[in-house]
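>>> Quick one: sequence plus predicted model below, questions after.
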Amino acid sequence: MTNEVAVPLLPCASIEEIAAFYEVLGFHTTYQQRKPNPYVALQREDLQLHFFEIAGFDPEKSYGSCLVLTSDTGELYRAFAAGMRAAYGKVLVSGTPRMTTPRARRNQDGLSGFSVIDPGGNWIRVTQNAAAEPPSAPTGRLAKALANAVVQGDSRGDARQAARILDSALAHAEAGDDPVALVEVLVYRAEIAMVLHDPATAAEMLARVDVVALSTEEARRAAAALETAADLAVALT
């Protein structure tokens, strides 16, 4: 059979809080009830997410998660980010809720992905559909360190291990280091610092980004990372 649709049911502490957050991301409520049990159904185009409320639920202890497959993670991220900027004046990068930045995932054949961690502590993992030709593996020590850190920080949610990997890579510069990869590592380290509630380190990393010399072509390649750096700088203010 074809045309089956699977809709995740995820826990939360408040369906009203959940609905308000997802409205920011462009979702609308298709159904809501409080009795006999609090429940809300949300939809954005073809994407559907349903939530049920649990009294006393702690989002920090949530194991709720689901995959969202899309042909363009960047387009969906930009739409979500625009909604956050309009509602909150910034992209939420720390605390709960928050959103990570699209990056290639070594543990997903190099395909791009990002995550939304919603007010219920659920990880909505947005992943690019499999490409006809998988992206090439990262080369260079900084790119490899970044790939390993993304697995820890974004896939496993272990921000401290991601920070250790990045700090080790940044501790010793080498002559052959790609300046674009350096910018990407610094920006991700700043993002991880925000997750760890360490604004001083985040500011230090962003200051280091500002002094990396980039050619016109390198600046083009680093455009996405530089855009993330700008969002992080706003979040720091």
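Arrived safely, thanks for sending.
>>> Let me know the next secondary structure element after the helix or strand harbouring residue 67.
If you go by DSSP states H and E, residue 67 is part of strand 65-70. Counting by DSSP H and E, the next helix or strand C-terminal to strand 65-70 is helix 73-88.
>>> Give me the contacts around that following helix.
24-26, 68, 70, 90-92, 99, 101-102, 112-114, 116, 126-128, 224, 231 (CB atoms under 8 Å, 6 or more residues apart in numbering). For every residue, glycine as well, the C-beta is placed using N, CA and C.
>>> again, only this time at 7 Å
With CB atoms under 7 Å, 6 or more residues apart in numbering as the test, helix 73-88 has contacts from 24-26, 70, 90-92, 99, 102, 112-114, 116, 126, 128.
>>> Let me know the average pLDDT across the helix or strand just after that helix.
Using DSSP H and E, the helix or strand that follows helix 73-88 towards the C-terminus is strand 98-99. Strand 98-99 carries an average pLDDT of 96.
>>> Begin at 37 from now on, thanks
Got it, the first residue is 37 from now on, which makes the last one we talked about strand 134-135.
>>> just the helices in this protein please.
Counting by DSSP state H, the chain has helices at residues 51-60, 109-124, 177-186, 195-207, 215-231, 235-246, 252-257, 259-272.
>>> Can I get these in TSV including mean neighbour count, mean pLDDT and distance to residue 42?
As requested, the helices of the chain are exported to TSV (neighbours: other CB atoms under 10 Å; pLDDT from 0 to 100; distance: least, CB to CB, whole Å):
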stretch	mean neighbour count	mean pLDDT	distance to residue 42
helix 51-60	19	98	18
helix 109-124	16	95	19
helix 177-186	22	93	27
helix 195-207	18	96	30
helix 215-231	25	96	30
helix 235-246	17	97	38
helix 252-257	12	94	37
helix 259-272	18	94	31
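>>> any chance of those helices in a markdown table, with distance to residue 92 too?
Output for the helices of the chain, formatted as a markdown table (distance: least, CB to CB, whole Å):
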| stretch | distance to residue 92 |
| --- | --- |
| helix 51-60 | 14 |
| helix 109-124 | 27 |
| helix 177-186 | 34 |
| helix 195-207 | 26 |
| helix 215-231 | 25 |
| helix 235-246 | 31 |
| helix 252-257 | 48 |
| helix 259-272 | 30 |
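>>> So what's the gap between the strand holding residue 103 and the chain middle?
12 Å (CA atoms, centre = their mean, to the nearest Å).
>>> what is the orientation angle of that strand with helix 109-124?
Per axes from the mean of the first three to the mean of the last three CA atoms, to 10 degrees, the angle that strand 101-106 makes with helix 109-124 is 120 degrees.
>>> strands paired with strand 101-106, and their directions?
If you go by DSSP bridges, strand 101-106 pairs up with strand 159-164 (parallel).
>>> Ranking by neighbours, what's the top pick from the contacts of helix 109-124?
residue 149 (25 neighbours; other CB atoms under 10 Å).
>>> Now do the end-to-end distance for stretch 225-244.
Its start and end residues considered, stretch 225-244 measures 11 Å (CA to CA, to the nearest Å).
>>> ugh, wrong one, I meant stretch 135-142
Length of stretch 135-142, first residue to last, CA to CA: 19 Å.
>>> and which of the contacts of helix 109-124 is nearest to residue 47?
Set against residue 47, the nearest of the contacts of helix 109-124 by CB to CB is residue 152 (15.4 Å).
>>> Quickly list what that closest one is bridged to.
residue 135, residue 160.
>>> Just list the residues touching it, thanks.
116, 135, 160.
>>> now with 10 Å?
Applying CB atoms under 10 Å, 6 or more residues apart in numbering to residue 152 gives the contacts 57-58, 61, 85, 104, 112-113, 116, 120, 128, 133-136, 158-162.
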